[in-house]
Structure formats: C-alpha cells, structure tokens
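# build me a structure from this.
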Amino acid sequence: MAITVQRFIKLANYYNQTVMLMSAICVQKGGIAMENYVGRYFAADVLEYVLEYGRRLLEQNKNIAPEIVALINRLAAQFEKVRSLATLTQKPFHEMTLEEFEKVMNI
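Alright, predicted model coming up:
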C-alpha cells in the first residue's frame, strides 16, 4: 500500500472524528473530563499511528503542501502531550508484522 497524502488526510480526519466522538461520550456520561475517559488510550494509539504515517509521508515525498506539513507538526505537538498514554511495546505496533501483532494481542 502506497503512502499518499489522500490517505493521510483520511487518517487525520478519522482521528479528529474519534476525538469529537469521545468528547460527546464524555458529555453524555455526565460531563466527565477527557483525562478520566478510558478511551483516551485508544485515541493516543490512533494519534501515534497517524503521526507515524505523516512522518513517513514526509520522508518519501519532499514536495508536500505546507498545510500538510503544518498538520503533521500539530499532530506531533498533540502526541507529545499524550505520549505517556500510548500503548507501550517493545516494538511500535506500526512496525510489527501480522504474526507479531497477533502474538501481542493473543489472537
């Protein structure tokens, strides 16, 4: 699968929709703080994946629009705030083979 700007935008939109949905869930559950919502770990993992995709996109293509570069930088800043929430592994999940991922997930 080729790394493309269009796929990166779709992934970034997915992350934004996930955060928006999480916010709505927090409101629905009585206004709990996002810091106390269990889904924050999932959002941190999604953000890590989207950011890594963006970084690889930059590595492969140096002629990326400035708006996309700014988005990648913004996502990197957001990830630094939630880095401690991302799932810890010996190897980042986006670098695992399917067999390694299945072993970690006990599938």
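# quick one: secondary structure of the residue of the chain most remote from its centre?
No residue in the chain sits farther from the centre than G30, which is 26.2 Å out by CA atoms, centre = their mean. Under DSSP: H, G, I helix; E, B strand; the rest coil, the three-state class of G30 is coil.
# okay, it: pLDDT?
Per-residue pLDDT puts G30 at 91.
# what's the nearest residue to the residue nearest the centre of the chain if we skip its chain neighbours?
Nearest to the mean C-alpha position of the chain, counting by CA atoms, centre = their mean, stands L47 at 1.6 Å. Nearest non-adjacent residue to L47, counting by CB to CB, 6 or more residues apart in numbering: F79, 5.2 Å away. (C-beta placed from N, C-alpha, C; glycine too.)
# equivalent analysis for I68, please.
Closest residue to I68 apart from its sequence neighbours, by CB to CB, 6+ apart: V5 at 6.1 Å.
# what about that neighbour, distance to R74?
Applying CB to CB, to the nearest Å, the value for V5 to R74 is 16 Å.
# and R56, how far from A65?
Using CB to CB, one obtains 16 Å as the distance from R56 to A65.
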